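> Need a 3D model of the sequence below.
(chains A, B, C and D)
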Number of protein chains: 2
Amino acid sequence: MTRAFDSHDHATCRREALAAAEAACAERGERLTPVRRRTLEILLESHRALGAYDVLERLREDGFGSQPPVAYRALSFLVEQGLVHRIEALQAFVACARPGKTHEAAFLVCRRCRRVAEEPLPDQTPTTPGFAVERRVVEMQGLCPDCRNGKA
Amino acid sequence: MTRAFDSHDHATCRREALAAAEAACAERGERLTPVRRRTLEILLESHRALGAYDVLERLREDGFGSQPPVAYRALSFLVEQGLVHRIEALQAFVACARPGKTHEAAFLVCRRCRRVAEEPLPDQTPTTPGFAVERRVVEMQGLCPDCRNGKA
DNA sequence: TCGGGGATGTTATGGTATAACAAGACGTCT
DNA sequence: AGACGTCTTGTTATACCATAACATCCCCGA
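Purely as a prediction, here's the structure:
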């Protein structure tokens, strides 16, 4: 499922992700309201990480509120539901490649095109006795195949 | 060397780290100027991550410049030299626990007290064919032993 | 002693994020 | 239907994080 860097049928990819998101929310009794849904759609248009203000601009164009909390709230909701991930090193957000269940993942982040692929996180990650790990941030920054070849 | 969460002789810990930093700079022909040295000392006072503006305030009190670039430039230099690490998830900086050679590390980051321990990074981290990893960000967020016990 | 490069300082500005409050939508209980 | 509580959306205002651009200074080598 590291489709971010591979050519694939993106229309289907998007449609499936949206359907999975709807199913996940329904199952949990959470509401995928218009702003939230549109925010997810915006992120699903590409496998790229977008800043909150990029998302906000798109939402404003679509007639939603134009102030930062509008975008941050929708993004927070989607992150809580595991439908979107925050890429710490970019301070940006990317749609989840495997929605449906909340999960942790490692990310391959292209510094040039900002596309992000998701990989499974090893069971074992470094720790030290007595430290209670709550969240694991694993991000590999570098160049994706296309950007290495100057294709993108 | 995960001393951040253990009691230890911190005066010695600090002194050794500073000596190692001086040695590293000397060897490379880099200049550990007064602002840079003071910035490192400030971070070495604790094993906690400090924001750039916290550092700046301390520098200003000590008679250095009071504008953000003063702190950011010193921090950038120290990060380049491997004497300080940036914690992406906190947008903050912590003195390196093993100065002397530039290296990558995994970090255990306490969300309550902001103390940070450094652990070796596994040789193997997730990737995908064709992706050229340039930098690895591995940060475990959670609660340190003291904060779990309400001690700190 | 005259450049020249690097370091330091400034002003100004831009990007990221949240607190606090007002108003609206919606289910539900009576 | 109407009253209530909760969740959601929207606003204003503000705080925090970061860097571009330019002036000055300092030190070293020619």
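> and the longest helix seen in chain A, how far from the chain's centre?
Longest helix in chain A by number of residues (criterion: DSSP state H): helix A:10-28. Remark: helix A:10-28 is offset 13 Å from the chain centroid, using C-alpha atoms, centre = their mean, to the nearest Å.
> That helix packs against which elements?
helix A:34-44 (3 or more C-beta pairs under 8 Å, 6 or more residues apart in numbering or on different chains; DSSP states H and E). Quick note: C-beta positions are derived from backbone N, CA and C, even for glycine.
> Give the rounded mean pLDDT of the helix it packs on.
The average pLDDT within helix A:34-44 is 98.
> quick one, strands of chain A?
For chain A, strands defined by DSSP state E occupy the ranges A:84-87, A:92-95, A:106-110, A:116-119, A:132-143.
> near chain B, which residues of chain A show up?
Within reach of chain B by C-beta under 8 Å from any C-beta of the partner chain, chain A has these residues: A:2, A:5, A:88-89, A:106, A:108, A:110-111, A:117, A:119-122, A:124-145, A:148.
> switch to 6 Å and redo it
Within chain A, the positions near chain B by C-beta under 6 Å from any C-beta of the partner chain are A:2, A:88-89, A:106, A:108, A:117, A:119, A:126, A:128, A:130-145, A:148.
> how close does residue A:34 get to residue A:74?
According to C-beta to C-beta, to the nearest Å, residue A:34 stands 10 Å off from residue A:74.
> higher neighbour count, the two?
A count of neighbours by other C-beta atoms under 10 Å in any protein chain shown puts residue A:74 above the other of residue A:34 and residue A:74, at 27 against 13.
> Please see if stretch A:36-45 touches DNA strand D.
Yes: interface with DNA strand D: stretch A:36-45 contributes residue A:36 (C-beta under 7 Å from any atom of the strand).
> C-alpha coordinates for that stretch, CSV please?
Below are the C-alpha coordinates for stretch A:36-45, written out as CSV (Å, rounded to 0.1, in the frame of the first residue of the first chain):
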residue,chain,number,x,y,z
ARG,A,36,-14.8,17.3,7.7
ARG,A,37,-15.7,15.3,4.7
ARG,A,38,-14.5,18.1,2.3
THR,A,39,-11.2,18.4,4.3
LEU,A,40,-10.6,14.7,3.8
GLU,A,41,-11.4,14.9,0.1
ILE,A,42,-8.9,17.8,-0.3
LEU,A,43,-6.2,15.7,1.3
LEU,A,44,-7.2,12.6,-0.7
GLU,A,45,-6.7,14.5,-4.0
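> Let me see the residues that make contact with that stretch.
Residues outside stretch A:36-45 that contact it (C-beta atoms under 6 Å, 6 or more residues apart in numbering or on different chains) are A:14, A:17, A:21, A:55, A:58, A:62, A:74, A:77-78, A:83, A:95.
> From those, pick the one nearest residue A:47.
residue A:95 (7.6 Å; C-beta to C-beta).
> ok, that closest one - contacts?
Applying C-beta under 6 Å, 6+ apart to residue A:95 gives the contacts A:43-44, A:84.
> So which of the residues you listed wins on neighbours?
Ranking these using other C-beta under 10 Å puts residue A:43 first, with 27 neighbours.
> what's the spacing between that one and chain B?
Distance from residue A:43 to chain B, counting by C-beta to the nearest C-beta, to the nearest Å: 20 Å.
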